[in-house]
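Engineer: Give me a 3D structure for the following:
(chains A, B, C and D)
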Protein chains: 2
Amino acid sequence: MGSDDTNDTTKNERKPGRMSEQRQQRIRLEISREAARLFWEQGVAATTGEQIAAAVGLSVRTLWRYFRNKESCVEPVLAQDGEEFVALLRRWPRDVSLEDHLMEWAMNRTKDPDQQAFDQAVIKMTVLAEKEPDLRTVWLMTNDRIERALVEIFADRLRRSPDDIEVRLHAAAATAVVRVISEDVSAALMAGADPTSLGNTLGQMARAVHIATGGAIGDPVDP
Amino acid sequence: MGSDDTNDTTKNERKPGRMSEQRQQRIRLEISREAARLFWEQGVAATTGEQIAAAVGLSVRTLWRYFRNKESCVEPVLAQDGEEFVALLRRWPRDVSLEDHLMEWAMNRTKDPDQQAFDQAVIKMTVLAEKEPDLRTVWLMTNDRIERALVEIFADRLRRSPDDIEVRLHAAAATAVVRVISEDVSAALMAGADPTSLGNTLGQMARAVHIATGGAIGDPVDP
DNA sequence: CGCTATATTGTCACTTAGTGACAGATTCCT
DNA sequence: AGGAATCTGTCACTAAGTGACAATATAGCG
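Structural biologist: Sure, this is the predicted structure:
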């Protein structure tokens, strides 16, 4: 059998004609950008799937293979911050307070110039989602997914079951306050507020979560 | 200018051919019932607007005049409990605790037999809304409307502005926990749980709201 | 009751969203 | 390069939802 270097001790998920996960995501993100731009410029109702597809250089049929419907095309943009937040919470050490963990992340955060343009789209869509009902549903669904993630994270941190009603209440309340603060900050930035004048948004979130969970989430926990 | 007897000191909203608000609502409710039944029996995707229209004896065109899209046909059913809850909170006296107010209402509550059948539909849709994404968006939008109502109610009770970020945080957290408890209770009832075995659902809600708002909402307030 | 102004409904034609099927192009692995 | 599987585009199709207009129903009034 000659060489065994190709031997997969780790299960090889790679299939013949499948394109990389990364490439898929980049296409979804590209669609999302264009959809966000069009929605912002001409409104959701006035934007057709054909326009979005053309802007990205895809056939309409392929567009619907990447997204179930028109509105969810902006889901990657709207979910951007939320997913980052969830990822951040997943690596939250048990012996650190939430506020410290968020602050420490904020310090080491580097601002990619390309990312910055994308953030602009995130803010625009978050603001637009307050008025446009079709986008609001996407925004709320995004937060619903965040809530489900927080259930797992909080259950783990509190060493309780994800089915525990208290855990679910904490996750729901925490997600809700984080969402409201996000909306508030987005609206302020859209109104032209100086980002530095907003003070410590993450600190505000940490405090709000602590309060909304009755103190259950935020402090360090033992082992 | 002749007679001024038709002069309307009180603005007369009644117009010639307009049908009563009551009648409109009854039709919407009727549509909602049938939509809920069909969605439950065959799923949302498999149910067409034509079927809903036929079930209630309307033309399809008229159906779309009552509801913007297929999914929102069940909105009246899904919003039922929430609107009742909001109405209840609107007449919450300042010198009474939330728990007492809810409990007192629960005691004087009479169970209309016709209403009971409707409640069954409410429970079914609430449960269905946990799995069916298309219904989940409607459910979340319903709760979003509840949240906005709570902002006004809480602002009034705390004698603060509805724009106050703290007020909005309290409303969001409160709505979130009430929603989760509703989902939980609906699931339990659907699973065949004895309604009496659920204990005091409203008391649980009152306590959850009190905690999720950091104690800001729940206790009696002065004047 | 019958008349009138106005709202509501149904029919028809139409645009757009979204899907299934199949052929051709593309991608990864060897 | 060769092959297996996936991805994409084209075509035909169903269903969602809307605008326009004629017919019908409703409330108020004499």
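Engineer: three-state assignment of the closest residue to DNA strand D within chain A?
Structural biologist: Distances between chain A and DNA strand D by CB to the nearest atom of the strand are smallest at A:Gly17, namely 2.1 Å. Quick note: C-beta positions are derived from backbone N, CA and C, even for glycine. With DSSP: H, G, I helix; E, B strand; the rest coil as the basis, A:Gly17 sits in coil.
Engineer: Let's verify A:Trp111: helix, strand, or coil?
Structural biologist: Quick fix: residue A:111 is Lys, not Trp. Criterion first, three-state DSSP; result for A:Lys111: coil.
Engineer: Could you check how far it is from B:Arg179?
Structural biologist: Using CB to CB, to the nearest Å, we find A:Lys111 at a distance of 36 Å from B:Arg179.
Engineer: low pLDDT regions in chain A?
Structural biologist: Counting by pLDDT under 70, chain A has low-confidence residues at A:1-15.
Engineer: one step back: so A:Lys111 and B:Arg179 - more neighbours on which side?
Structural biologist: With neighbours defined as other CB atoms under 10 Å in any protein chain shown, A:Lys111 and B:Arg179 compare such that B:Arg179 has more, 22 against 7.
Engineer: residues contacting the more buried one?
Structural biologist: A:172, B:143, B:146 (CB atoms under 8 Å, 6 or more residues apart in numbering or on different chains).
Engineer: And A:Asp144, by the same measure?
Structural biologist: B:136, B:140.
Engineer: can you give me phi and psi for the residue of chain A found nearest DNA strand C?
Structural biologist: Nearest residue of chain A to DNA strand C: A:Asn69, at 2.7 Å (CB to the nearest atom of the strand). Backbone torsions for A:Asn69, taken as degrees, to the nearest 10, come to phi -150, psi 170.
Engineer: and it, how many neighbours?
Structural biologist: Neighbour count for A:Asn69, taken as other CB under 10 Å: 11.
Engineer: Of the contacts of B:Arg179, which is the most crowded?
Structural biologist: For the contacts of B:Arg179, neighbours tallied by other CB under 10 Å; top is A:Ala172, 30 neighbours.
Engineer: was I right about it contacting B:Val178?
Structural biologist: No. A:Ala172 lies out of contact with B:Val178 (CB atoms under 8 Å); the separation is 9.3 Å.
Engineer: residues contacting A:Ala212?
Structural biologist: A:Ala212 neighbours (CB under 8 Å, 6+ apart): A:170, A:173-174, A:176-177, B:169, B:173, B:212-214.
Engineer: tell me the two of these that are most distant?
Structural biologist: Taking CB to CB as the measure, the contacts of A:Ala212 reach their widest spread between A:His170 and B:Leu169, a distance of 14.8 Å.
Engineer: For A:Leu128, give me its contacts.
Structural biologist: Residues near A:Leu128 by CB under 8 Å, 6+ apart: A:39-40, A:135.
Engineer: Please report how far it lies from A:Glu71.
Structural biologist: Distance from A:Leu128 to A:Glu71, counting by CB to CB: 11 Å.
Engineer: Touching both of those two, which residues are there?
Structural biologist: Residues touching both A:Leu128 and A:Glu71 (CB under 8 Å, 6+ apart): A:Leu135.
Engineer: Count the neighbours of the residue of chain A closest to DNA strand D for me.
Structural biologist: As a burial measure, A:Gly17 scores 4 neighbours (other CB under 10 Å).
Engineer: quick one on the thing from earlier: which one of the contacts of A:Leu128 is nearest to B:Val96?
Structural biologist: If you rank the contacts of A:Leu128 by distance to B:Val96 using CB to CB, A:Leu135 comes first, at 39.3 Å.
Engineer: Quick check: that closest one touching A:Ala129?
Structural biologist: Yes. Counting by CB under 8 Å, A:Leu135 does reach A:Ala129; the two are 4.1 Å apart.
Engineer: shared neighbours of the two, anything?
Structural biologist: Applying CB under 8 Å, 6+ apart, one finds that A:Leu135 and A:Ala129 are jointly contacted by A:Leu78.
Engineer: Around DNA strand C, which positions in chain A sit nearby?
Structural biologist: A:6, A:14, A:16-20, A:23, A:47-50, A:60-61, A:64, A:68-70 (CB under 7 Å from any atom of the strand).
Engineer: repeat that for 6 Å
Structural biologist: Chain A comes close to DNA strand C at residues A:6, A:14, A:16-17, A:19-20, A:48-50, A:61, A:64, A:68-70, as judged by CB under 6 Å from any atom of the strand.
Engineer: Present these as a markdown table; the columns should include distance to A:Ala121 and secondary structure.
Structural biologist: Below are the residues of chain A next to DNA strand C laid out as a markdown table (distance: CB to CB, whole Å; DSSP: H, G, I helix; E, B strand; the rest coil):
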| residue | distance to A:Ala121 | secondary structure |
| --- | --- | --- |
| A:Thr6 | 42 | coil |
| A:Arg14 | 32 | coil |
| A:Pro16 | 35 | coil |
| A:Gly17 | 32 | coil |
| A:Met19 | 25 | coil |
| A:Ser20 | 24 | coil |
| A:Thr48 | 20 | coil |
| A:Gly49 | 19 | helix |
| A:Glu50 | 21 | helix |
| A:Arg61 | 25 | helix |
| A:Trp64 | 22 | helix |
| A:Arg68 | 21 | coil |
| A:Asn69 | 19 | coil |
| A:Lys70 | 17 | coil |
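Engineer: Identify the farthest-apart pair in these.
Structural biologist: For the residues of chain A next to DNA strand C, the farthest-apart pair by CB to CB is A:Thr6 and A:Thr48; their separation is 47.7 Å.
Engineer: Please say which of the two ends up with more neighbours.
Structural biologist: When neighbours are counted by other CB under 10 Å, A:Thr6 and A:Thr48 differ, and A:Thr48 comes out ahead with 13 against 7.
Engineer: For that one, give me phi and psi.
Structural biologist: With angles defined as degrees, to the nearest 10, A:Thr48 sits at phi -100, psi 160.
Engineer: so who does it touch?
Structural biologist: A:Thr48 makes no contacts at all, as judged by CB under 8 Å, 6+ apart.
Engineer: One more: A:Val178?
Structural biologist: Under the criterion of CB under 8 Å, 6+ apart, the neighbours of A:Val178 are A:85, A:146, A:205, A:208-209.
Engineer: try it again with 7 Å
Structural biologist: Residues near A:Val178 by CB atoms under 7 Å, 6 or more residues apart in numbering or on different chains: A:85, A:205, A:209.
Engineer: do A:Val56 as well
Structural biologist: A:Val56 neighbours (CB under 7 Å, 6+ apart): A:30-31, A:34.
Engineer: can you map out the helices along chain A?
Structural biologist: All helices of chain A, identified by DSSP state H, fall at A:21-42, A:49-56, A:60-66, A:75-90, A:98-108, A:113-131, A:133-158, A:165-190, A:201-212.
Engineer: Mind putting those helices into JSON lines with distance to B:Ala191?
Structural biologist: Converted to JSON lines, those look like this (distance: least, CB to CB, whole Å):
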{"stretch": "helix A:21-42", "distance to B:Ala191": "38"}
{"stretch": "helix A:49-56", "distance to B:Ala191": "41"}
{"stretch": "helix A:60-66", "distance to B:Ala191": "37"}
{"stretch": "helix A:75-90", "distance to B:Ala191": "30"}
{"stretch": "helix A:98-108", "distance to B:Ala191": "35"}
{"stretch": "helix A:113-131", "distance to B:Ala191": "35"}
{"stretch": "helix A:133-158", "distance to B:Ala191": "20"}
{"stretch": "helix A:165-190", "distance to B:Ala191": "15"}
{"stretch": "helix A:201-212", "distance to B:Ala191": "29"}
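Engineer: With that, I have no additional questions.
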